[in-house]
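>>> Quick one: sequence and predicted model below, then my questions.
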Amino acid sequence: MTRGANKTRIVYQANLNFKNAGVYLDWLMKRGFLDKEGNIYRTTSSGLALLDSLKVLMPLINEEGENNLTQASSNA
């Protein structure tokens, strides 16, 4: 488990508003990716595994998106 952060820190670092952050934090907690102790949110081992997976997938997703944009502009 990580050190954690309060909701205000998460909101500012993720550039979200408090309402949206609450929705995302609740979603992550319901799925076991975050734990909350007092007002501190901490990433669980499952959450860390999710982050590791996303680090691998995001470059592939971004590359695929760029390829689709390039194809679309050349077909126009």
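Cool, got the structure. Keep in mind that what you see is a predicted model, and the values were worked out from it rather than measured.
>>> Only C-alpha atoms from now on, for both contacts and neighbour counts.
Noted.
>>> where exactly do the strands run in the protein?
Along the chain, the segments classed as strands by DSSP state E run 5-6, 34-37, 40-43.
>>> Pipe those strands into JSON lines and attach mean neighbour count and mean pLDDT per row.
Formatted as JSON lines, these follow (neighbours: other C-alpha atoms under 10 Å; pLDDT from 0 to 100):
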{"stretch": "strand 5-6", "mean neighbour count": "14", "mean pLDDT": "97"}
{"stretch": "strand 34-37", "mean neighbour count": "17", "mean pLDDT": "97"}
{"stretch": "strand 40-43", "mean neighbour count": "18", "mean pLDDT": "97"}
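>>> I'd like these written out as JSON lines, with distance to Ala21 added.
Below are the strands of the chain laid out as JSON lines (distance: least, C-alpha to C-alpha, whole Å):
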{"stretch": "strand 5-6", "distance to Ala21": "11"}
{"stretch": "strand 34-37", "distance to Ala21": "13"}
{"stretch": "strand 40-43", "distance to Ala21": "12"}
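>>> Tell me which of those strands sits nearest to Asp26.
Smallest distance to Asp26 across the strands of the chain (C-alpha to C-alpha): 8.7 Å, for strand 34-37.
>>> Quick check: chain neighbours aside, which residue is closest to Ala21?
Val11 (6.2 Å; C-alpha to C-alpha, 6 or more residues apart in numbering).
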